[in-house]
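# please find the sequence and the predicted model below.
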Amino acid sequence: MFRLINRVVSSATRGLATVGVAAALVAVPRIASADTQIKMVLNWKYEGPQAWFFLAQDKGYFKAQGLDVQFDQGEGSGASIPKVAAGAYQAGFGDLNAIVELAAKEPAQAPIAVDVLYNTPPFAIVVKKDSPINTPKDLEGRTIGAPANDGALKLFPAFAKLAQIDISKVTVTNMAPNLREQMLQRGQVDAVFGYVTTVTFSAKAMGIDPSKKLRFIRYGDHGMDLYSNTVFFSRSFVKDQPEAVRGFLVALNHAIRDVIANPDAGVDAVMKREPLLKRDVEKEKLLATMRNDMSHPEIARIGLGDVDQARLKRDIAIVVDAAKLPRTPTPAEIFDGSFLPPRADRPSSL
């Protein structure tokens, strides 16, 4: 196993296409009991790519479904899963592969994914442009940094196996999320784990041009065509409140269509919650996420939110094999697409 240096660097502050939407704008009948409360933990601090969650709240789409939805900021795409499993939240937004890992170990506790929004793998290892690290194999003998709950870090054993990296020769160190790009630029680490979009915009916020100063070793280019962030609910909530789950996805889908048609409206909803954010950056981040993380070619066939069963089965097998998990969950244990709005109502492109 790779060596993990538990060196946590803390910080007191945090760094600051029109489509057809007619079907989505048709009034949808209320299908959940009045005042059904849902507490949801997001994948990260409030930011542009979460626009649809906030717009659905602000426009009353959740309320129209009889739902009272409240959001909390997250601490990483892998961190939201155990919070829902522990009962602190009914719903979350985070990495589907972390659900696979928990389902393999504690199937009764693992949440269930119901709407996979990030269908293109965003995971990457990032190095400076002039780094001698050109291939995954070059990571041997190097130190890679990441926040403890980073999704790319959690999937590194699987990536290392596919890319034939001797993981015992790699050192991993943790840092506060807002220090990741700084430590890379200062040479305190040789590389960092992260999502492509997240690192790109964090670098821009530091005045670094990622196209000129950084290189991305993408997991998807080395055999890891994995799904990523998904909306998920606790297993007990799905069982006890199925119509609330269905209503949540109807409202969210409505808001996603609104944001596709008018990204500025989505950014407005984000800025209401974090006025100190830079509006132009958050809009650019939102559009980049739609373009890079949510536009797998398969959505033209199955629609946004759904999964290809064969691809999901491969995804599960990769995670189970590389992490040496005790069992292989079935696709049905990980994802339930029965709560999604009808195929005709969901976007086919972004």
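Thanks, I have it. Remember, predicted model here, so these are calculated numbers, not experimental data.
# skip the chain neighbours and tell me the closest residue to the residue nearest to the spatial centre of the chain.
Against the mean C-alpha coordinate of the chain, by C-alpha atoms, centre = their mean, the closest residue is Asn229 at 3.1 Å. Leaving aside its sequence neighbours, Asn229 sits nearest to Tyr118 (C-beta to C-beta, 6 or more residues apart in numbering; 3.9 Å). Any C-beta I mention is one placed from the backbone N, CA and C, and that applies to glycine too.
# which residues of the stretch 1-150 of the chain fall in strands?
For the stretch 1-150 of the chain, the strands defined by DSSP state E, counting those that start in this stretch cover 3-5, 36-41, 67-72, 91-95, 112-116, 123-128, 143-146.
# and of those, who's closest to Pro242?
strand 112-116 (10.2 Å; C-beta to C-beta).
# other SSEs contacting the closest one?
When contacts are defined as 3 or more C-beta pairs under 8 Å, 6 or more residues apart in numbering; DSSP states H and E, strand 112-116 sits against helix 96-105, strand 229-233, helix 235-240, helix 242-261, helix 331-334.
# would you turn the ones you listed into CSV with distance to Ala344?
Output for the helices and strands packed on strand 112-116, formatted as CSV (distance: least, C-beta to C-beta, whole Å):
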stretch, distance to Ala344
helix 96-105, 25
strand 229-233, 20
helix 235-240, 24
helix 242-261, 11
helix 331-334, 24
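# would you mind finding the most buried of the ones you listed?
Ranked by mean neighbour count under mean count of other C-beta atoms under 10 Å, the helices and strands packed on strand 112-116 are led by strand 229-233, which reaches a mean of 28.
# contacting residues for the residue nearest to the centre of the chain?
With contact set as C-beta atoms under 8 Å, 6 or more residues apart in numbering, Asn229 has these partners: 43, 77, 93-96, 116-118, 293.
# look at it and report its pLDDT.
The model reports Asn229 with a pLDDT of 96.
# what's opposite it in the beta bridge?
Asp95 (DSSP bridges).
# what about it, distance to Met40?
13 Å (C-beta to C-beta, to the nearest Å).
# list residues touching both of those two?
In contact with both Asn229 and Met40: Phe93, using C-beta under 8 Å, 6+ apart.
# Asn134: how many residues sit nearby?
Counted with other C-beta atoms under 10 Å, residues neighbouring Asn134 total 10.
# so how far is Arg215 from it?
Taken as C-beta to C-beta, the span from Asn134 to Arg215 is 8 Å.
# Glu140 reaches Val170, doesn't it?
Yes. Judged on C-beta atoms under 8 Å, Glu140 makes contact with Val170 at a distance of 6.3 Å.
# those two: who's more crowded?
Using other C-beta under 10 Å, the more surrounded residue of Glu140 and Val170 is Val170, with 21 against 14.
# what's the burial count for Asp72?
Other residues lying near Asp72 total 15 when counted by other C-beta under 10 Å.
# check it and give its pLDDT.
For Asp72, pLDDT reads 98.
# ditto for Tyr89
At Tyr89, the pLDDT value in this model is 98.
# how about it, what does it touch?
39-41, 72, 80, 83, 234.
# can you pull the phi/psi pair for it?
The phi/psi pair for Tyr89 (degrees, to the nearest 10) reads phi -140, psi 150.
# got it, and Ala310?
Ala310 adopts backbone torsions of phi -70, psi -40, taken as degrees, to the nearest 10.
# how close does it sit to Ile302?
Per C-beta to C-beta, Ala310 is found 12 Å from Ile302.
# tell me how many other residues crowd the nearest residue to Ala79 once chain neighbours are set aside.
The shortest distance from Ala79 to any non-neighbouring residue, by C-beta to C-beta, 6+ apart, is to Asn149 (3.9 Å). For Asn149, the number of neighbouring residues by other C-beta under 10 Å comes to 23.
# I'd say Asn149 and Ile81 touch.
No. With contact defined as C-beta under 8 Å, Asn149 does not reach Ile81; the gap is 9.7 Å.
# how is the chain divided into domains?
Under the assignment automatic domain parsing, the domains of the chain span 3-10+121-222, 22-119+227-345.
# ranking those by mean pLDDT, which is last?
domain 3-10+121-222 (a mean of 90).
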